[in-house]
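A.B. asks: How does the following fold in three dimensions:
(2 chains)
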Amino acid sequence: DAGVIQSPRHEVTEMGQEVTLRCKPISGHDYLFWYRQTMMRGLELLIYFNNNVPIDDSGMPEDRFSAKMPNASFSTLKIQPSEPRDSAVYFCASSFSGGGRETQYFGPGTRLLVL
Amino acid sequence: GEDVEQSLFLSVREGDSSVINCTYTDSSSTYLYWYKQEPGAGLQLLTYIFSNMDMKQDQRLTVLLNKKDKHLSLRIADTQTGDSAIYFCAESRDSSYKLIFGSGTRLLVRP
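C.D. replies: Next up is the predicted model:
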């Protein structure tokens, strides 16, 4: 299995631009999570889905952030418009409820720099 | 509160044991986890413990849980330079798949 796949791995953009981060979870996993990691705030859960339905989006910072999961094998996290304070590493993770909640697998992350 | 706290830094000599500590505040935590993050990489699950256990051993890793004090530790025996990384403690609770992470402990293994 290829594991959780994220793209792009690195993104540099200018303030005000739209940014779209992509994630392909491990095949068969029914939970998908988006996290953000910064030096100041550590690892924060932004939103998670179960069977493509958003369950908890209380960590989404503001309306500029949106996430979708149109099918079981794809999710996007969009920032529009982006701001310098959005610079962070964004991780996607997936898990399979039948395997126990302990098995949350992380992707390699997308490093976002907003200038 | 939801805080999970860890010390920021630990330095050990190669071959020694490392002990990374974590405290959490929510007594309803059901699973507690240790994740490892190497530079430029995502988080890798190392091990986990269910809250009704007090110890779990997995090769060089030993997890100890003191539920009364809400204290979790990870002991790495015979620490190697490849163990240098950031180690995150995390908890989850009964009704949620949400993980609450600590700030991470950076382990440096000196040759």
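A.B. asks: ok, the residue in chain B positioned nearest to chain A - how many residues close by?
C.D. replies: Nearest to chain A in chain B, going by C-beta to the nearest C-beta, is B:Gly42, at a distance of 3.7 Å. Yep, even glycine has a C-beta here, placed from its N, CA and C like the rest. Neighbours of B:Gly42 under the rule other C-beta atoms under 10 Å in any protein chain shown: 21.
A.B. asks: Nearest residue to it in space, please, no chain neighbours.
C.D. replies: Leaving out its chain neighbours, the residue that sits closest to B:Gly42 by C-beta to C-beta, 6 or more residues apart in numbering or on different chains is A:Phe106, at 3.7 Å.
A.B. asks: isn't the one you found right next to B:Lys36, touching?
C.D. replies: No - with contact defined as C-beta atoms under 8 Å, A:Phe106 does not count as touching B:Lys36 (10.6 Å).
A.B. asks: who has more neighbours, those two?
C.D. replies: Between A:Phe106 and B:Lys36, counted using other C-beta under 10 Å, the more crowded position is A:Phe106 (22 against 19).
A.B. asks: Okay, helices next: where are they in chain B?
C.D. replies: Taking DSSP state H, chain B contains no helices at all.
A.B. asks: Quick check: residues of it near chain A?
C.D. replies: Residues of chain B lying close to chain A (C-beta under 8 Å from any C-beta of the partner chain) are B:31, B:33, B:35, B:41-45, B:48, B:88, B:92, B:96-99, B:101-104.
A.B. asks: Any quick ChimeraX command for the buried ones out of those?
C.D. replies: Buried residues within the residues of chain B next to chain A, by 16 or more other C-beta atoms under 10 Å in any protein chain shown, are selected in ChimeraX with:
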select /B:31,33,35,42,43,45,48,88,92,97,98,99,101,102,103,104
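A.B. asks: residues contacting the residue of chain B closest to chain A?
C.D. replies: A:4, A:91, A:93, A:106-109 (C-beta atoms under 8 Å, 6 or more residues apart in numbering or on different chains).
A.B. asks: Now do the contacts for the residue nearest to B:Phe101 when sequence neighbours are not counted.
C.D. replies: Leaving out its chain neighbours, the residue that sits closest to B:Phe101 by C-beta to C-beta, 6+ apart is A:Leu43, at 4.2 Å. A:Leu43 sits next to A:35-37, A:91, B:43, B:88, B:101, B:104 when contact means C-beta under 8 Å, 6+ apart.
A.B. asks: again, 7 Å this time
C.D. replies: Residues near A:Leu43 by C-beta atoms under 7 Å, 6 or more residues apart in numbering or on different chains: A:35, A:37, B:88, B:101.
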